[in-house]
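1. how would this look folded up:
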Amino acid sequence: MAGRLDGKVAIITGGAFGMGAETARLFASEGAKVAIADILEDEGPKRVAEIEAAGGEARYWKLDVTDDGAWAQFVQEVQGAFGRIDILVNNAGVSGSKYEDPFDDAGWKLLMSVNGDGVFLGMKHCIPAMAETGGGSIVNLSSISGNVGQSNIHHGYNASKGAVRTITKSAAVRHAPQGIRVNSVHPGLMPPMRTSGATADPVVRAKMLKRVPMGRNGRADEVAKACLFLASDDASYVTGSELHVDGGFLAS
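-> Numbers count the residues shown, from 1 in each chain. Here you go, the predicted model:
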């Protein structure tokens with residue numbers, strides 16, 4: 001049975017851990033050649049080994065998504081290894097609860113750099129590569145925090161995820177004539193990230209769950225499946241859209 005991503009080459013940033021790792025596994029199982037980009041040099045090769053053991057194809061590259069020059073070299077190397085780039089999942093990010101002070105200067109700079117600049121640079125370097133081969137699909141990981149204000153996370157997280165939400169629409173409009181679709185996925189309350197602070201506290205999470213109509217955390221595989229839909233030809237007429245994977249949070 002053919003996979004939904006057969007013959008496709010997919011870059012997944014932050015692909016060594018959490019939602020990114022789950023997305024990498026799923027995409028590989030659906031036939032994609034996966035380029036895992038992450039700063040986690042211990043975890044990245046482990047994800048590659050897992051994918052290969054399951055019969056998939058993947059390679060790991062160390063990438064700081066805030067580094068313009070590193071992006072340029074990385075994209076060139078992926079093209080050299082796999083011949084093309086069809087899919088980009090901008091998943092790398094930093095949690096908004098990493099900092100207690102919502103006006104922490106270092107927090108603002110890091111959140112905007114990783115969550116915002118990382119998406120911008122990924123599109124900057126991958127869109128020309130996609131255009132060369134007739135198009136592609138970009139999935140940017142935003143958040144429910146990009147849609148609403150919140151009182152328990154750093155301002156920079158809401159701002160950075162709001163930026164991801166809007167630049168997605170801008171890129172979708174601008175690059176549709178090149179056959180490139182750009183959409184955003186907005187996870188709700190998910191398992192804690194490596195960089196999570198207060199939101200990893202069970203007491204805090206219990207309070208947050210009260211606002212989720214489905215009454216539970218989301219799972220990494222549920223986000224991965226949303227990314228798969230948008231990356232695949234099943235979403236061939238979908239661009240500039242927001243897919244909320246939030247248990248009904250934004251509807252309540």
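2. In three-state terms, how would residue 139 be classified?
-> strand (DSSP: H, G, I helix; E, B strand; the rest coil).
3. For it, give me its contacts.
-> 87-90, 183-185, 227, 230-231 (Cβ atoms under 8 Å, 6 or more residues apart in numbering). Placement of C-beta: from N, CA and C, glycine included.
4. the longest strand in this structure is where?
-> The strand spanning the most residues in the chain, taking DSSP state E as the definition, is strand 180-187.
5. Now do residue 149: how many residues are near it, please.
-> 9 (other Cβ atoms under 10 Å).
6. Wait, it touches residue 158, no?
-> Yes - using Cβ atoms under 8 Å, residue 149 makes contact with residue 158 at a distance of 6.1 Å.
7. Please report how far the spatially closest residue to residue 175 that is not a sequence neighbour lies from residue 172.
-> Excluding its sequence neighbours, the residue lying closest to residue 175 (Cβ to Cβ, 6 or more residues apart in numbering) is residue 127, at 5.9 Å. Between residue 127 and residue 172 the distance is 11 Å, computed by Cβ to Cβ, to the nearest Å.
8. next one: residue 52
-> 34 Å.
9. Mind checking which of those two has more residues around it?
-> residue 172 (20 against 13).
10. Return the strand or helix carrying residue 208 as PDB; C-alpha atoms alone will do.
-> Take DSSP states H and E as the rule and residue 208 turns out to sit in helix 202-209. What follows is helix 202-209, C-alpha atoms only, in PDB (Å, rounded to 0.1, in the frame of the first residue of the first chain):
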ATOM      1  CA  PRO A 202       0.600  19.000  37.800                       C
ATOM      2  CA  VAL A 203      -1.400  21.500  39.900                       C
ATOM      3  CA  VAL A 204      -1.100  24.200  37.200                       C
ATOM      4  CA  ARG A 205      -1.900  21.700  34.500                       C
ATOM      5  CA  ALA A 206      -5.100  20.500  36.300                       C
ATOM      6  CA  LYS A 207      -6.300  24.100  36.400                       C
ATOM      7  CA  MET A 208      -5.500  24.500  32.700                       C
ATOM      8  CA  LEU A 209      -7.400  21.400  31.800                       C
END
